[in-house]
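> what follows is a predicted structure for the sequence shown.
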Amino acid sequence: MQYDRESGQVYTQEVIRVAPSSRRLKGFAWVHDSPLLPAGWEAYSPVGAHSLKHMAMRAVLSDQRTLSTAHFKGVPWSIARYLWECVCRSKRTSLYLWKIFATAYPAEFNQISHRYLLKPSSKKMAVTNYLKLLSSASVDWTAVVSLSVELFEPHEFLEVANVRNLIGLEIRTQPKRTEFGYEATVSVSDRVIKGWSEQALTGQAFEHLQILVLRLQTGLTEHMFAYLNAFPTLNAFLMQGCPRLYSKEAREMAEKHGWVPFVVHYSDHSLYKIIENMDSELESQTQDCRLMCIDSLPVVDFSLYCRNLRSLHSEEQILFRRKYRATDHLSLQEKKAQKTHNGSDIAPSQPDSKQNKRVVKESCKKDMKGLLDQFKYDSP
């Protein structure tokens with residue numbers, strides 16, 4: 001705190017960087033968005049000069065890369081709302097600025113811009129970079145993510161765990177047309193689900209994941225249900241077009257681990273809409289059985305699919321709802337390993353030292369006798 005002797009006021013002084021760093025100038029945040037106002041946008045007024053408020057607005061929004069959450073510290077919501085309305089009017093909304101407002105004004109901004117839809121027409125950078133754009137370690141907003149398996153590099157599947165604010169995840173495959181019809185060529189496997197569950201057990205990943213949707217994943221088996229209980233908040237698992245998960249064995253395995261199957265008829269176009277429909281259908285149930293209300297925080301609705309997705313209308317959808325939480329398979333393995341480890345810490349029983357000495361002594365006597373006998377027969 002500083003004191004001004006002339007005015008008698010106490011104040012604080014803070015320097016905020018205005019010029020964007022080189023990382024922001026060329027960062028992946030602007031692959032699909034533009035940080036600049038359109039050239040000449042509202043530069044001139046049809047009647048007289050623009051107000052000082054309008055000119056200040058154009059100066060602030062001229063380059064969004066210069067802005068950060070710190071710039072809005074102490075700025076009234078009424079001014080921030082005016083800036084956002086101007087951005088919308090100029091058609092220069094960006095995920096970057098949306099996240100700043102969602103962090104600085106969580107309750108107020110959620111009322112006017114609850115959902116940010118990010119739906120690129122094509123992949124222009126690595127999936128890992130898209131996931132970084134969505135992530136919020138402090139959960140200032142949530143994320144609903146839908147991706148095609150074909151867009152992943154093998155090492156990128158585990159990167160999904162870095163989206164700490166993830167509440168909904170959909171993975172699907174785009175089948176290719178062959179002479180025998182459509183066939184899924186790539187798929188996630190039980191190993192991927194196991195990898196995610198291991199990350200969830202650390203307490204540093206998937207803390208808020210509530211619904212998992214897997215479509216056309218031919219590599220999954222009924223054994224995947226053994227790993228789902230590692231996700232602490234997962235309450236719903238929707239499956240469609242996964243051949244081995246329709247079997248009797250799969251349903252028995254699901255029920256064994258606390259999941260109850262239902263046949264549903266949701267549209268396969270939007271995971272966000274599925275979550276909304278689930279909440280509206282389950283309003284009469286207890287809060288523990290429902291998904292978290294998706295309206296409670298701002299949400300980024302991100303989807304990146306391969307083009308020309310085949311309709312899955314003919315494929316039956318099975319929704320597995322969590323009835324109770326069974327002990328997950330990995331936790332049992334850890335307990336067994338810990339028990340074995342503790343058992344190995346006990347000092348092994350020591351053999352009788354006298355018995356060892358006696359055996360060694362007798363052996364030495366026998367060897368010496370044989371040696372003397374050899375000299376006896378070898379002597380002339």
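In hand now; what should we look at? Numbers count the residues shown, from 1 in each chain.
> going forward, measure contacts and count neighbours with C-alpha atoms only.
OK.
> could you give the mean pLDDT of stretch 122-134?
In this model, stretch 122-134 has an average pLDDT of 95.
> and it, which residues are buried?
Using 16 or more other Cα atoms under 10 Å as the test for burial, stretch 122-134 gives 127-128, 130-131, 134.
> return the subset of those lying in strands.
With DSSP state E as the criterion, strands contain none of those.
> in those, find the pair that's most separated.
Farthest pair in the buried residues of stretch 122-134 (Cα to Cα) is 127 and 134. Separation: 11.0 Å.
> which strands and helices sit next to the helix or strand where residue 278 lies?
Taking DSSP states H and E as the definition, one finds residue 278 inside helix 271-281. Helix 271-281 is packed against strand 142-148, strand 166-172, with contacts defined by 3 or more Cα pairs under 8 Å, 6 or more residues apart in numbering; DSSP states H and E.
> may I see these organised as a markdown table, with mean neighbour count and mean pLDDT added?
Shown next, in a markdown table, are these (neighbours: other Cα atoms under 10 Å; pLDDT from 0 to 100):
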| stretch | mean neighbour count | mean pLDDT |
| --- | --- | --- |
| strand 142-148 | 24 | 96 |
| strand 166-172 | 23 | 96 |
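> what's the closest of the ones you listed to residue 8?
strand 142-148 (45.0 Å).
> for burial, what's the neighbour tally of residue 8?
8 (other Cα atoms under 10 Å).
> tell me how far it lies from residue 52.
According to Cα to Cα, to the nearest Å, residue 8 stands 29 Å off from residue 52.
> now residue 208
45 Å.
> more neighbours, the two?
Per other Cα under 10 Å, whichever of residue 208 and residue 52 has more neighbours is residue 208, with 20 against 9.
> got a pLDDT number for the more buried one?
You'll see residue 208 listed with a pLDDT of 95.
> mind listing what the closest residue to it other than its chain neighbours touches?
Using Cα to Cα, 6 or more residues apart in numbering and skipping the chain neighbours, the partner closest in space to residue 208 is residue 167 (5.3 Å). Each residue near residue 167 by Cα atoms under 8 Å, 6 or more residues apart in numbering is listed here: 142-144, 206, 208-211.
> please apply the same query to residue 271.
Contacts for residue 271 (Cα under 8 Å, 6+ apart) come out as 144-146, 168-170.
> could I get those as a markdown table with distance to residue 231?
Shown next, in a markdown table, are the contacts of residue 271 (distance: Cα to Cα, whole Å):
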| residue | distance to residue 231 |
| --- | --- |
| 144 | 16 |
| 145 | 17 |
| 146 | 18 |
| 168 | 12 |
| 169 | 13 |
| 170 | 15 |
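> quick check: domain ranges of this structure?
When the chain is parsed with automatic domain parsing, its domains come out as 16-113, 115-339.
> weakest of those domains by average pLDDT?
domain 115-339 (a mean of 86).
> which secondary structure elements does the helix or strand residue 83 falls within contact?
Assessed by DSSP H and E, residue 83 sits inside helix 77-90. In terms of contacts (3+ Cα pairs under 8 Å, 6+ apart), helix 77-90 is packed against helix 52-61.
> what comes into contact with the helix it packs on?
Contacts for helix 52-61 (Cα under 8 Å, 6+ apart): 36-37, 83, 87.
> sorry, back to before: pick the most buried one from the domains of the chain.
Of all the domains of the chain, domain 115-339 carries the top mean neighbour count, a mean of 17, counting by mean count of other Cα atoms under 10 Å.
> what's the offset of it from the middle of its chain?
Counting by Cα atoms, centre = their mean, to the nearest Å, domain 115-339 is centred 10 Å from the centre of its parent chain.
> pull the CA atoms of the helix or strand hosting residue 97 into CSV?
In the assignment (DSSP H and E), residue 97 maps to helix 95-104. Backbone C-alpha positions of helix 95-104 (Å, rounded to 0.1, in the frame of the first residue of the first chain) are rendered in CSV as follows:
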residue,chain,number,x,y,z
LEU,A,95,-12.3,-18.8,-27.0
TYR,A,96,-9.3,-16.9,-25.7
LEU,A,97,-11.5,-13.8,-24.7
TRP,A,98,-14.4,-16.0,-23.6
LYS,A,99,-12.1,-17.8,-21.1
ILE,A,100,-11.0,-14.5,-19.7
PHE,A,101,-14.5,-13.3,-19.1
ALA,A,102,-15.5,-16.7,-17.7
THR,A,103,-12.7,-16.5,-15.1
ALA,A,104,-13.2,-12.8,-14.2
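> by contact count, what packs against it?
Going by 3+ Cα pairs under 8 Å, 6+ apart, helix 95-104 lies up against helix 106-112, strand 115-118.
> would TSV of the ones you listed with distance to residue 235 be doable?
Below are these laid out as TSV (distance: least, Cα to Cα, whole Å):
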stretch	distance to residue 235
helix 106-112	25
strand 115-118	22
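> picking up where we left off before, contacting residues around the helix holding residue 83?
Identification of contacts with helix 77-90 by Cα under 8 Å, 6+ apart yields 37-38, 41, 57, 61, 72, 93, 101, 105, 108-109.
> list the contacts for residue 301?
Here residue 301 is in contact with 115-119, 143-145, 272 (Cα under 8 Å, 6+ apart).
> repeat that for 10 Å
If a contact means Cα atoms under 10 Å, 6 or more residues apart in numbering, then residue 301 has 115-119, 134, 142-146, 168, 270-272 as its contacts.
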